[in-house]
Every structure is written in C-alpha cells, then in structure tokens.
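[1] just the structure for this:
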Amino acid sequence: MFIFSNLFDAVGHILNTLLTIYMWIIIISALLSWVNPDPYNPIVRFLYSVTEPVLRPIRRRLGISMGIDFSPMIVILIIMFIKYFLVASLFDMGARMR
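    Next up is the predicted model:
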C-alpha cells in the first residue's frame, strides 16, 4: 500500500505546486491590469491568455460594481479552498495508507 501512499503524496505535491503557480499568475495579471500594459507584449499576452478563460465567466456572473473587478479575488479564494480541501485530503489519504 506504500505505493498508493506515495502516489497520493506525489499528486498532492504536484497539485499544490501548480495551484500556487496559477495563483501567482492571477495576482500578477491583476496587478498588470492596474498599469495598462502594452497588449502586444508576449508576457502580457501569455498572462491574459492563461487567466482570461477562468476570470471571464466569473466576471459575467458578478458584473463589475463601482469599477472594481473582484474576479481575481474569487479565483484566488477558490484556489485556496482547493488547496486546503483537496490537496490536504490527498496528503491525509497518503498518510493513512502507510
């Protein structure tokens, strides 16, 4: 059973790392929206192409109230929930199988 334990631990670590990286990408994209960057910059295009598919549906549901976009904050809260619920559950299942 140690193989499945190690599998759950590995999946938990990889998922935790990917979610952390995506959370930072969301934060950087939100900060860039404050300074109105060059839309033809490859880094800006990459950030927007990675974050917009996730942020756009949330923006449509929330609407923009008083000019403030809360969608990055909602996505970060969802990411944190996934990290504290799913990733922690994977680590706990891995620890119980040992």
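[2] next, A30: phi, psi?
    Main-chain dihedrals, A30, degrees, to the nearest 10: phi -70, psi -40.
[3] what's the closest non-adjacent residue to it?
    Using C-beta to C-beta, 6 or more residues apart in numbering and skipping residues adjacent in sequence, the residue nearest A30 is P72, 4.1 Å away. Using the backbone N, CA and C atoms, a C-beta is placed for each residue, glycine as well.
[4] residue contacts, that neighbour?
    Residues in contact with P72 (C-beta atoms under 8 Å, 6 or more residues apart in numbering) are 26-27, 29-30, 51, 55.
[5] which SSE is it in?
    helix 71-82 (DSSP states H and E).
[6] tell me what the very next helix or strand once past that helix is packed against?
    Next helix or strand after helix 71-82 toward the C-terminus (DSSP H and E): helix 88-96. Applying 3 or more C-beta pairs under 8 Å, 6 or more residues apart in numbering; DSSP states H and E, we find helix 88-96 packed against helix 2-35.
[7] next helix or strand past the helix it packs on?
    Following helix 2-35 in sequence, per DSSP H and E, is helix 42-62.
[8] which among the contacts of P72 end up buried?
    Buried members of the contacts of P72, counted by 16 or more other C-beta atoms under 10 Å: 26, 29-30, 51, 55.
[9] pipe those residues into a markdown table and attach pLDDT and distance to I3 per row.
    Shown next, in a markdown table, are the buried ones among the contacts of P72 (pLDDT from 0 to 100; distance: C-beta to C-beta, whole Å):
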| residue | pLDDT | distance to I3 |
| --- | --- | --- |
| I26 | 97 | 35 |
| S29 | 94 | 39 |
| A30 | 92 | 41 |
| T51 | 96 | 36 |
| L55 | 93 | 39 |
